[in-house]
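Participant: Please work out how this folds:
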Amino acid sequence: MKKSAGRLKVAKSPALRDRLTRAGISVEELDDLPDSATTGRLIIWCQSRLALSKAVDSVNIWRAWNALKFRRDKVIAHNEILSSNPIPNLQWQQVAGLLELAKKIVDLVSTAYLNLFLTSDDGLFFRSTNAERSTACLRRFLRNAGFPS
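Facilitator: Residues are numbered from 1 along each chain as shown. Have a look, this model is predicted:
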């Protein structure tokens with residue numbers, strides 16, 4: 001996103017304003033900001049959540065990430081490779097925290113750049129059946145507009 005910030009078009013909508021506010025990103029003068037500045041705010045927010053620092057949240061995110069990655073690499077994907085390294089401790093709450101952060105980032109990016117809403121106004125993700133229904137509607141719209149399927 002950083003390299004493409006000047007080329008990305010932001011779909012400025014009340015839904016985006018709501019999601020940015022929920023994430024704690026300033027929406028002051030959002031409508032007057034150039035798209036690159038809005039993208040800059042989103043990049044700063046993401047980096048602040050993902051940066052490795054001494055802050056407790058950052059340490060917890062990276063510990064959970066490393067433990068999950070170790071399990072994926074050494075236990076699930078390549079279990080034939082024996083390792084003398086102990087398996088890092090990982091609790092379900094840590095995985096849930098990583099998932100929540102990922103969902104928040106995907107929701108912000110989807111709303112800002114695709115104008116595709118993945119959550120309701122209360123922050124809950126739409127059920128998959130709703131996404132399937134939306135996909136069917138989009139396909140029908142494109143077919144009616146003359147685009148090949």
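Participant: How is the chain partitioned into domains?
Facilitator: According to automatic domain parsing, the chain is divided into the following domains: 14-118, 119-149.
Participant: I'd like the ones you listed laid out as JSON lines, including mean pLDDT and mean neighbour count.
Facilitator: From N, CA and C alone the C-beta is placed, and that goes for glycine too. Listed next are these as JSON lines, based on pLDDT from 0 to 100; neighbours: other Cβ atoms under 10 Å:
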{"stretch": "domain 14-118", "mean pLDDT": "82", "mean neighbour count": "14"}
{"stretch": "domain 119-149", "mean pLDDT": "68", "mean neighbour count": "10"}
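Participant: out of the ones you listed, which comes closest to Met1?
Facilitator: Closest of those to Met1 is domain 14-118, at 5.7 Å (criterion: Cβ to Cβ).
Participant: ok, back up a step: reformat the domains of the chain as TSV; add distance to Met1.
Facilitator: Output for the domains of the chain, formatted as TSV (distance: least, Cβ to Cβ, whole Å):
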stretch	distance to Met1
domain 14-118	6
domain 119-149	20
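Participant: Tell me which of the ones you listed lies nearest to Arg7.
Facilitator: Arg7 lies closest to domain 14-118 among these, at 8.6 Å (Cβ to Cβ).
Participant: Now do the closest one: distance from first to last residue.
Facilitator: Distance between the boundary residues of domain 14-118 (Cα to Cα, to the nearest Å) amounts to 14 Å.
Participant: what distance separates it from the centre of its chain?
Facilitator: A distance of 6 Å separates the centroid of the chain from that of domain 14-118, by Cα atoms, centre = their mean, to the nearest Å.
Participant: what do you get for stretch 1-8?
Facilitator: Its chain's C-alpha centre and that of stretch 1-8 lie 17 Å apart, by Cα atoms, centre = their mean.
Participant: Check which residues of it are buried.
Facilitator: Within stretch 1-8, the residues that qualify as buried by neighbour count (16 or more other Cβ atoms under 10 Å) are Ala5.
Participant: First-to-last residue distance for it?
Facilitator: As for stretch 1-8, its first-to-last residue distance stands at 8 Å under the measure Cα to Cα.
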